[in-house]
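K.L.:
got a sequence here, can you model it:
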Amino acid sequence: MATKKYTVTLPEELAEEIRAEVGPGGFSRYVTDAIERQRERDRLHELVEWLEEEHGPVTPEEAAWAEAERLSIQQETAERKARAVPESKAS
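P.N.:
Prediction:
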C-alpha cells in the first residue's frame, strides 16, 4: 500500500508515551493500526444500526447470549494459546 506523510496534532504526553513503548520507528505503525481499528469499529457500528433498523433493537436476552458466546470464544482462544506455548517457555 502506498503511503503519504500527513501532519496530525496529538497530545504531547500521549505521543511520548507511545514513542517510548514502540520506539521511533514504530510510531507510524502504531498510529496506523489504531486508525484501522477505529475504522473497523465505525463500520461495525454502522452494521449494528442497519441491522437494528431492519430487525429492531437487540433484546437483553440476545445481548446476554452474545456476551456468553464472546466469553466462551475468548476462553477457548486463551486455552489454545496456552497449549501452543512450548514447555521450555511455559516454565
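K.L.:
so which residue is dead centre in the protein?
P.N.:
Nearest to the geometric centre of the chain sits residue 37, at 5.4 Å (Cα atoms, centre = their mean).
K.L.:
which SSE is it in?
P.N.:
Here residue 37 sits within helix 27-55, counting by DSSP states H and E.
K.L.:
which other helices and strands contact that helix?
P.N.:
helix 12-22 (3 or more Cβ pairs under 8 Å, 6 or more residues apart in numbering; DSSP states H and E). The way it works is simple: take the backbone N, C-alpha and C, and place the C-beta from them, glycine included.
K.L.:
for the helix it packs on, what is the average pLDDT?
P.N.:
Per-residue pLDDT over helix 12-22 has a mean of 96.
K.L.:
now find how far off-centre that helix is within its chain.
P.N.:
19 Å (Cα atoms, centre = their mean, to the nearest Å).
K.L.:
now it against helix 27-55, angle please.
P.N.:
110 degrees (axes from the mean of the first three to the mean of the last three Cα atoms, to 10 degrees).
K.L.:
show me what helix 12-22 is in contact with.
P.N.:
Residues outside helix 12-22 that contact it (Cβ atoms under 8 Å, 6 or more residues apart in numbering): 27, 29, 30, 31.
K.L.:
need the buried ones from the residues you listed selected in PyMOL.
P.N.:
Provided next is the PyMOL selection string for whichever of those are buried by 16 or more other Cβ atoms under 10 Å:
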select buried, resi 31
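K.L.:
save the contacts of helix 12-22 as JSON lines, and put in distance to residue 48 too.
P.N.:
Formatted as JSON lines, these follow (distance: Cβ to Cβ, whole Å):
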{"residue": "27", "distance to residue 48": "32"}
{"residue": "29", "distance to residue 48": "29"}
{"residue": "30", "distance to residue 48": "27"}
{"residue": "31", "distance to residue 48": "26"}
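K.L.:
where does the protein have low pLDDT?
P.N.:
Within the chain, the segments meeting pLDDT under 70 span 87-91.
K.L.:
out of the contacts of helix 12-22, which is nearest to residue 1?
P.N.:
Ranked by distance to residue 1 (Cβ to Cβ), the contacts of helix 12-22 are led by residue 29 at 12.4 Å.
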